[in-house]
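Asker: Coordinates for the following, if possible.
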Amino acid sequence: MQYVSIMVYYKKGGFPKYRIKKKRQDFMNSDRQYERTVELWRSYGIATSLELAAHLDNFAILFSYNSGKIENREITYHDTHEIFKNGRVCGYTGDLRTLYEIKNLKDASELMYRWFDGRKPITLDSIREMQFELTKGTYNERRWELGERPGEFKKNDLWGVGMHDVAAPVDELEDDLQQDLDEVSEFGDENPLVAAAFWHARFEGVHAFADGNGRTGRAMMNYYLLLHNHPPIVIFDEDRKDYYAALDGFDMTGDLKPLIGFLRRETCKTWESAVQREDRSHQMSLEKKRDTVSRRVSLDEINNNFNAR
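Answerer: The predicted model follows:
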């Protein structure tokens, strides 16, 4: 099994850069639960957006709720479910921006389905397109006055990220993002979760937009996983402290192991019910086959006894 390490180097201005280097590491020893989850997803053989949407019907709501909730505490599962299923929320009295954000999360899911049919590659343009879907109609007055717009890379070095305020300078962020995309594309299909973790951590560190970086990064990470036949992941709001700690650790030390471990656990948590249903179905099928064989043996014995007379 192939594993990776992360090499850290620095460029002018002190912003850390990272390169993926393939090698064996014991931190990627897969537990059976994770392997079973990936096996189940790949057994679906999803080829079209219609098949994808069918398998992600409930996932899309759960992912959107948690991804939005991480950054906006006003988002509720009820409101998310209502917008996804009915396109509206009755009796809503909260902040209008919250409704826009939820509707945008639905639009972003539909955009991903359209991309999937054509296996659209991840590029700077597709990243901008996803960020636009997620933030349209939600930029506040201050961002607007500073010239920031949804779907455009940030124009000001005012929007940092994390407890250490790490972010790429405006005049370097496009080069940084393109270099990271090139790194990931060279990694291949050996372990998509590792490549996705690396890209997500780097994207959040670059912090390319004035808003919506977390939602965009999580959406694009899942799209990358879908392109490489890996189950998409819900990063649960209840686990956000561990999530942020793993991202901050990578920013400071270049250690990707905590984030990989975190994403593996979230993968299992996301698809736990589906795996359990499949295992129960498999067990019932085995029991049915055993019962059939047992009945056949009993009938054979009766026939043999009858003929012996």
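Asker: In terms of pLDDT, where does the nearest residue to Ala201 once chain neighbours are set aside sit?
Answerer: Residue nearest to Ala201 in three dimensions, not counting chain neighbours: Phe250, with 4.4 Å by CB to CB, 6 or more residues apart in numbering. For the C-beta atoms, the positions are set from N, CA and C on the backbone; glycine is no exception. Looking at Phe250, its pLDDT is 95.
Asker: And for Ser30?
Answerer: On the pLDDT scale, Ser30 gets 55.
Asker: isn't Thr114 right next to Ser49, touching?
Answerer: Not Thr; residue 114 is Arg. Yes - at 6.6 Å, Arg114 and Ser49 qualify as touching, with contact defined as CB atoms under 8 Å.
Asker: residues in contact with Gly212?
Answerer: By CB atoms under 8 Å, 6 or more residues apart in numbering, Gly212 lies in contact with 131, 134-135, 138, 150.
Asker: Which two of those have the greatest separation?
Answerer: Greatest spacing in the contacts of Gly212, by CB to CB: Gln131 and Thr138 (11.0 Å).
Asker: who's more crowded, those two?
Answerer: Gln131 (26 against 19; other CB atoms under 10 Å).
Asker: nearest spatial neighbour of that one, skipping sequence neighbours?
Answerer: Nearest to Gln131 is Thr216, by CB to CB, 6+ apart, at 4.4 Å.
Asker: neighbours around the one you found, how many?
Answerer: 25.
Asker: quick one, which of Arg114 and Ser49 is more surrounded?
Answerer: Ser49 (17 against 10).
Asker: neighbours around the residue lying closest to Gly137 once chain neighbours are set aside, how many?
Answerer: Leaving out its chain neighbours, the residue that sits closest to Gly137 by CB to CB, 6+ apart is Tyr100, at 4.7 Å. Tyr100: 14 surrounding residues under other CB under 10 Å.
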